[in-house]
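> Dropping the sequence and predicted coords here.
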Amino acid sequence: MKRFFNIIAFLVLSNTVFGQIQLYKRGLASFDKGQYDLAIKDLAKVTNIAESEKANLYHKIAESYRLSNRWVEAVPYYEKAFEAKLSAPEAHFHYAFALKAAGNYDMALKELQQFIDSKSTIKAFNEKAYREVNTLKTIEEIKKKQNTVEFKNLSQVNTKGSEFAPMVRGDELIFTASRKSKTYSNGLPYVGLYKVKIDKTIAEMSKIEKFSDAVFDEERNEGTPTFSPDGKTMIYARGNTGKRKDLSPDMDLYICRYVDGSGWTEPRYVSASDSASWDGSPAFSRDGKTIYFSSNRPGGLGGLDLYRVNMDASGRFGTPTNMGKEINTAGDEMFPYVSEDGKLYFASDGHPGLGKLDLFLAVRAGGKVTVENMGTPYNSNMDDFGLVMSKRGDVFFSSNRAGGIGDDDIYYYEAPQKTDLTENDPSKNPLLAPKPSDPDSTTKTLAIKTVNYYLKGTIYTQNNANESVPLDSSRVRILNAENQELLTEFTTGKNGRFGPVTLKEDGDYIILADKKNFLAKREDFSMSGRAIPQSLLKKPVTDTTFYTSIVIDQVFVGKTFRVDNIYYDLDKWDIRPDAALELDKLVQTLNDNPQIKIELGSHTDARATEVYNLRLSQKRAESAINYIVSKGISRERLSAKGYGESVLIIPNAKTESEHQTNRRTEFKVVEIQ
């Protein structure tokens, strides 16, 4: 009988473990498909899993919350992932912004600094991290910037779903909402356009209706409209259906016209859109001749950037122009809006702000455009975006701040009735009252402070005890990253130092260090994100110096160097896109060191036969060599060697991370000319 119960217990335990594995696999599959709600539901139920998988489990849950814009909920799962020894520097980057969304600014600053110290190779993350470090130092200054207006939740419109991107057209409020009966591939309802009529006051609203049958597709995301000054032309964002037959894989801009007696025409694709990119949140200029919009098309500064494009009377579009580094950052710039007096408002998570997306105003003074945070109560520690104004002075915007009804809600400020408001009397309207921090003040003159930026550095090498020691007599060249032009050159002294180098506020540079019998090495240095915000400057002129260091290795025949992150699909030897990025770095090393010939060696783990692993590693090494040759390196300088499992770093590897350590690519110097 005892044996019988033991068997039953074993079967129950086996079924439980099997069920947990199935939940885990199903959750990972949902995550890969972008179905983050489904991923969370399954992964959160996994309580019995191997120690080696716990970090990945918690990280995937955290990422599911982050990628579905629930940053605060992601915080505890990032923390559990770190406790489980997660080794992913970018996780600290995302965790920092989740902490910021939770209002924990001190911890966010600490995590960002840890990410910067890890010397990540993800350029966009690095630029945003540097900018955010400066931002977190300005939080207290931004908090001091308070407006007297009070915003209310538009409870007549908001639901548990999302309502956002309000737009005023005559006496109607048009908005985007997740109310369609059909759901997208992520399990969430498609968003569409809706309208509600505003009577004498905002409280007196009519029944909510679909905006127009002509622009309402149950199986598409549609939203963020803008209207021409006469209200008869609409441009809005329209997404794909999530089906393979779609010609465009993402969001594009569409245009339609209002015809008296028949309503809105069928939407027509805007030629200024890039079908391979995300284009959305358009805005008309006050004269109706320019369209502003947000896009992640190639050539931008990172994330989503603001662009502008001209449109003639017949609806033909010119070539879109990026609005430049004064407006755009390595983060996201979205939801532009041009007010009646021609001022540009927008949302950004790259400029100094209190939370994720904050509301900003672009101000031109002395021929220079500066960007000002609108302060509280416009902004919170969450997303605040999509600000618009009516002609009578009402203000609307969207936010997912605490205390709302649903996900994204619409908030409003209602201007006093005209009988109580003298148009030119600021004391009657708090939006018009000039204050020292008021971005709308017409009497305001900005005192632009200047900063002189410099760079200094130290060149190190490793001694026999693997300690970093300064390297004298090394040559250091500073190049313009854009055109490779030599800007200046130094020779280090006994302390290994070089500089100072004068930097431009928006400059990108290459630091190239070399010395005889040492492997030349280059590193990028970008000023993107490092410029000090005007609000932090106390003097008319400030000098600030950045410091960097480069370690270069002594080179001799037989010296081996690790090439990180060269991964291959299981049982394959094709060069994946991520592997190509790492091999490009090796190509650059070979160009910078024309005196060396190398052997490129590929190693496998020990989970197949020796013969199989040897053949596979040889094919992988040869594939890498062919790629390097395709980039212009002479084949005479290269040889391929597959080592299979013959040189294991961890002989008795058990976990996946240990096997991955054994699966590596290295290059060995075989000749120095």
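Noted; the coordinates are in hand. Numbers count the residues shown, from 1 in each chain.

> Now do stretch 453-473: distance to the chain's middle.
Using CA atoms, centre = their mean, to the nearest Å, the distance from the centre of stretch 453-473 to the centre of the chain it belongs to is 33 Å.

> That one: which residues count as buried?
Taking 16 or more other CB atoms under 10 Å as the neighbour-count basis, stretch 453-473 is seen to contain the buried residues 453, 455, 457-461, 470-471. C-beta here means a position set from N, CA and C on the backbone, and glycine is covered the same way.

> Widest-spaced pair of those?
Pairwise distances among the buried residues of stretch 453-473 were taken by CB to CB; the largest, 27.8 Å, belongs to Y453 and T461.

> Now do the longest strand seen in the chain: which elements does it pack against?
Once the chain is assigned using DSSP state E, the strand that runs over the most residues is strand 450-462. Packing partners of strand 450-462 (3 or more CB pairs under 8 Å, 6 or more residues apart in numbering; DSSP states H and E): strand 468-470, strand 475-480, strand 497-503, strand 508-514, strand 541-551.

> Could you list the paired strands of it along with their orientation?
Strands flanking strand 450-462 in the sheet, each with its direction: strand 468-470 (antiparallel), strand 497-503 (antiparallel), strand 541-551 (parallel) (DSSP bridges).

> Check what pLDDT S294 gets.
In the prediction, the pLDDT value recorded for S294 is 96.

> A strand includes it, no?
Yes: assigned with DSSP: H, G, I helix; E, B strand; the rest coil, S294 falls within a strand.

> Pull out the buried residues from stretch 252-266.
Counting neighbours by 16+ other CB under 10 Å, one finds that the buried residues in stretch 252-266 are 252-256, 258, 264.

> So which of those residues is the closest to Y643?
The shortest separation between Y643 and any of the buried residues of stretch 252-266 is 49.5 Å, and it belongs to D252 (by CB to CB).

> Give the full set of residues in contact with I122.
I122 is in contact with E90, counting by CB atoms under 8 Å, 6 or more residues apart in numbering.

> let me redo that: L354
Contacts for L354 were tallied using CB under 8 Å, 6+ apart; they are 139, 142-143, 373, 376, 379-381.

> Of the residues you listed, which belong to strands?
If you go by DSSP E, these have N373 in strands.

> Narrow the contacts of L354 to those in helices?
Secondary structure from DSSP state H places 139, 142-143 of the contacts of L354 in helices.

> for those, which one is nearest I628?
Distances from the ones in helices among the contacts of L354 to I628 were compared by CB to CB; the smallest belongs to I139, at 47.1 Å.

> So L193 belongs to a helix, correct?
No: counting by three-state DSSP, L193 is located in no helix; its state is strand.

> residue contacts, it?
Residues counted as contacts of L193 (CB under 8 Å, 6+ apart) are 174-176, 210-212, 215-216, 222-223, 225, 236.

> okay, those residues in CSV with distance to N328, secondary structure and pLDDT next?
Output for those, formatted as CSV (distance: CB to CB, whole Å; DSSP: H, G, I helix; E, B strand; the rest coil; pLDDT from 0 to 100):
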residue, distance to N328, secondary structure, pLDDT
I174, 27, strand, 93
F175, 26, strand, 95
T176, 23, strand, 94
K210, 35, strand, 91
F211, 30, coil, 92
S212, 33, coil, 91
V215, 29, helix, 89
F216, 33, coil, 89
E222, 26, strand, 92
G223, 22, strand, 93
P225, 23, strand, 95
Y236, 22, strand, 95
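
> rewinding a little: from the ones in helices among the contacts of L354, pick the one nearest L519.
Each of these was scored against L519 by CB to CB, and I139 proved nearest at 42.9 Å.

> The residue lying closest to the closest one once chain neighbours are set aside: neighbouring residues, count only.
Excluding the flanking residues, the one nearest I139 by CB to CB, 6 or more residues apart in numbering is Y105, at 5.3 Å. Number of residues near Y105 (other CB atoms under 10 Å) recorded here: 18.

> Tell me if I'm right that Y105 and L136 touch.
Yes: using CB atoms under 8 Å, Y105 is in contact with L136, at 5.4 Å.

> residue contacts, I116?
Taking CB under 8 Å, 6+ apart as the contact definition, I116 lies against 126, 129-130, 133.

> W278 too?
Residues counted as contacts of W278 (CB under 8 Å, 6+ apart) are 250-251, 294-296, 304.

> where does the stretch 251-400 of the chain have low pLDDT?
Counting by pLDDT under 70, the stretch 251-400 of the chain contains low-confidence residues at 365-366.

> Strands along that one, start to end?
Here the stretch 251-400 of the chain has its strands, by DSSP state E, counting those that start in this stretch, at 252-259, 263-264, 268-269, 279-284, 290-295, 305-310, 321-322, 333-338, 344-348, 358-365, 368-373, 384-389, 395-399.
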